[in-house]
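Asker: Predicted model follows, preceded by the sequence.
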Amino acid sequence: GVGGMSVVGQLAPIFKGVGYSAIMMVFLENVYYIIVITWTLFYLFNTFMDLPSLPWSDCSKGNGTWATVSCWAPESGIPYTESVAAMNNISEADTETAVEQFWRNEVLHASDGIEEIGEVQWDLFICLIVAWALVYGFIWKGLHNSGKLLWVCAVFPYIILSILCVKALTLEGASEGLKFLFTPEWERLYEAEVWIDGGTQIFFSYGVGIGSLLALGSYNKFHHNCHRDAIFVCCVNSFTSIFSACVIFSILGYMAHQKGVEVGEVVQSGPALAFLVYPEVVLAIAPSPFWAFLFFIMLLNLGLDTQFSSVESLMTGLVDNWPEQLRPHRKKFTLGMTVFMCLLGLPMITRGGIYVFQLMDFYAASGLSLLWCVFFQTIAICWVFGAKKFYLCIEEMIGYRVSMYWYVCWVFLAPAFMVFIFVFYFVRYSPITMGAYHYPAWGEVLGFAISLSSMLWVPGYAIYYLLSTKGSWSEVLRQGVTPVIKPRKEAVMAEEKARLTYQDVRDVELNIEEDLCDESFVSYDSKKCLGEAL
């Protein structure tokens with residue numbers, strides 16, 4: 001396996017900082033994305049704590065612990081007028097379901113803001129250790145040795161999601177949720193966050209810019225049809241997004257119908273959405289613990305699948321950059337990195353951890369930093385190395401020319417689109433929020449510092465390269481844009497084999513036979529072998 005993070009520096013040495021930028025981004029992603037798996041494990045374990053029902057099925061199960069006076073679960077059968085919320089003069093629209101309060105008060109023990117970071121939640125800490133143990137257990141030998149596992153992780157979620165989809169579409173109010181999903185709100189196009197979220201979500205979900213696809217693709221043979229795979233991945237990814245969105249918004253429609261409010265007012269968007277929507281729908285499917293177990297196993301599969309790829313990408317990228325020091329000790333180095341990243345994740349399992357997580361999610365490996373990294377990757381490959389060379393390389397690998405549409409995208413459309421989003425973000429900038437909570441100024445400064453920790457590698461390394469490389473400015477610049485990439489042995493062999501015609505192969509065989517029958521190696525009598533060979 002070869003990491004994608006080192007490729008750009010080999011195609012254009014002056015842009016090697018793009019690889020370091022990607023390494024930093026995927027490192028930060030690994031630190032915070034594991035928290036999603038941590039929450040999933042917490043729910044998975046709690047599924048068995050209150051059999052034959054679920055801990056979040058009713059407000060009465062949280063009396064004295066996580067349920068407050070504003071808790072009201074419509075599915076419990078208790079009319080609103082007889083609920084504790086009504087007795088405390090809380091309007092029906094201001095109530096919260098048992099699912100919502102279990103998430104906020106039992107899982108997160110959330111404080112009022114990032115200013116109140118609080119103590120570490122020890123139950124989440126145990127789940128965090130289990131999560132990292134699962135990740136290390138499967139990637140310590142490399143993902144190429146875990147092919148069957150990856151197939152299970154890829155296919156199983158579709159089975160569970162299909163079952164949940166059938167149930168979700170039969171719920172009351174599901175049609176309103178779907179209507180809300182597919183009804184465009186054109187005025188939202190004036191919001192910078194919509195554009196940068198949409199653009200970077202595509203990059204993130206496709207694994208663009210962080211090297212994971214290139215790291216996994218490096219295990220393919222030289223003539224593997226990467227063009228077909230790229231189309232397939234894009235189609236499957238987009239289908240999965242639409243499919244899961246239909247399930248989610250059908251459930252949101254049901255929740256809105258139950259509470260008598262608009263779909264947009266049910267829950268706030270953000271990292272908590274899956275932990276509010278799906279636990280709600282499993283309550284409507286009997287037996288609830290069984291379906292909750294299947295759902296959280298599915299979510300665990302999805303989370304581990306992403307984490308496997310990201311950690312593999314990080315390890316491969318680091319080993320590629322320092323092969324002599326790290327390659328002989330890859331297993332131990334991977335263990336050390338997992339422990340280090342586990343410790344860095346501790347602030348996100350405190351009482352204020354959800355606010356830290358949201359900050360990391362927005363600034364660390366998405367948004368500006370990811371857009372910045374992908375833009376310079378595109379410039380380095382398509383403008384410095386050359387889109388035409390890249391185009392011909394693909395033809396040499398797959399045996400045919402791809403559409404010129406891709407060439408136009410690489411050279412013009414993709415860079416222009418990224419520049420537009422980047423500029424539009426600052427023109428229409430709005431501070432980060434989480435629901436009704438507004439981050440303090442120092443929180444935003446911290447967020448931008450997180451982004452800069454990966455972004456500054458690009459200009460920083462370019463300046464370092466110009467100042468440290470010997471020669472005149474023109475010589476250094478010319479050297480900086482001259483490829484130094486060395487093809488893998490498998491690629492060279494496949495390329496040479498493809499170039500040889502049948503006659504060329506026959507000539508090589510005859511030359512070998514002549515060498516074997518030469519007088520300097522064998523006796524005169526053995527020259528008859530040449531005649532026999534012919």
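Answerer: The structure has been received and is ready for your questions. Residues are numbered from 1 along each chain as shown.
Asker: Put the alpha carbons of stretch 370-384 into PDB.
Answerer: Taking C-alpha atoms only, stretch 370-384 is exported to PDB below (Å, rounded to 0.1, in the frame of the first residue of the first chain):
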ATOM      1  CA  LEU A 370     -10.400  20.500   3.300                       C
ATOM      2  CA  LEU A 371     -11.400  22.900   0.500                       C
ATOM      3  CA  TRP A 372      -7.900  24.500   0.700                       C
ATOM      4  CA  CYS A 373      -6.100  21.200   0.600                       C
ATOM      5  CA  VAL A 374      -8.100  19.800  -2.300                       C
ATOM      6  CA  PHE A 375      -7.700  23.000  -4.300                       C
ATOM      7  CA  PHE A 376      -3.900  22.800  -4.100                       C
ATOM      8  CA  GLN A 377      -3.900  19.100  -4.900                       C
ATOM      9  CA  THR A 378      -5.900  20.000  -8.000                       C
ATOM     10  CA  ILE A 379      -3.500  22.700  -9.000                       C
ATOM     11  CA  ALA A 380      -0.400  20.600  -8.400                       C
ATOM     12  CA  ILE A 381      -1.700  17.600 -10.400                       C
ATOM     13  CA  CYS A 382      -3.600  19.300 -13.200                       C
ATOM     14  CA  TRP A 383      -1.700  22.600 -13.700                       C
ATOM     15  CA  VAL A 384       1.900  21.800 -12.500                       C
END
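Asker: Just the mean pLDDT for that stretch, thanks.
Answerer: For stretch 370-384, the mean per-residue pLDDT is 90.
Asker: do the same with stretch 57-74
Answerer: For stretch 57-74, mean pLDDT is 83.
Asker: From the rest of the structure, what touches it?
Answerer: Defining contact as Cβ atoms under 8 Å, 6 or more residues apart in numbering, one finds that stretch 57-74 is touched by 50, 53, 55, 75-76, 78, 80, 83-86, 88, 90, 92, 94-99, 101-102, 104-106, 258-259, 283, 288. C-beta: built from backbone N, CA, C; applies to glycine.
Asker: Now list the buried members of those.
Answerer: The neighbour-count test (16 or more other Cβ atoms under 10 Å) marks 55, 75, 78, 83-86, 90, 95-99, 101-102, 104-106, 258-259, 283, 288 as buried among these.
Asker: circling back: point out the ones among the contacts of stretch 57-74 that are inside helices.
Answerer: Among the contacts of stretch 57-74, DSSP state H puts Val84, Ala85, Ala86, Ala98, Val99, Gln101, Gln258, Lys259, Ser288 in helices.
Asker: Using pLDDT, spot the least trustworthy of those.
Answerer: Within these, Lys259 has the lowest pLDDT, namely 69.
Asker: can you pull the buried residues of the host helix or strand of Glu29?
Answerer: Taking DSSP states H and E as the criterion, Glu29 maps to helix 16-46. Buried residues in helix 16-46, defined by neighbour count with 16+ other Cβ under 10 Å: 16-44, 46.
Asker: From Val384, how far off is Ala462?
Answerer: Taking Cβ to Cβ, to the nearest Å as the measure, Ala462 falls 12 Å from Val384.
Asker: Past whatever helix or strand Asn301 lives in, which element shows up next along the chain?
Answerer: Using DSSP H and E, Asn301 falls within helix 288-321. The C-terminal neighbour of helix 288-321 among helices and strands, as given by DSSP H and E, is helix 323-326.
Asker: for the host helix or strand of Val8, what is the average pLDDT?
Answerer: Element membership for Val8 (DSSP H and E) is helix 7-11. The average pLDDT for helix 7-11 rounds to 84.
Asker: Can I get that helix in CSV? Just the C-alpha atoms.
Answerer: Extracted C-alpha coordinates of helix 7-11, given in CSV (Å, rounded to 0.1, in the frame of the first residue of the first chain):
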residue,chain,number,x,y,z
VAL,A,7,1.9,11.5,-4.3
VAL,A,8,1.5,15.3,-4.7
GLY,A,9,5.0,16.0,-3.4
GLN,A,10,6.4,13.5,-6.0
LEU,A,11,4.5,15.1,-8.8
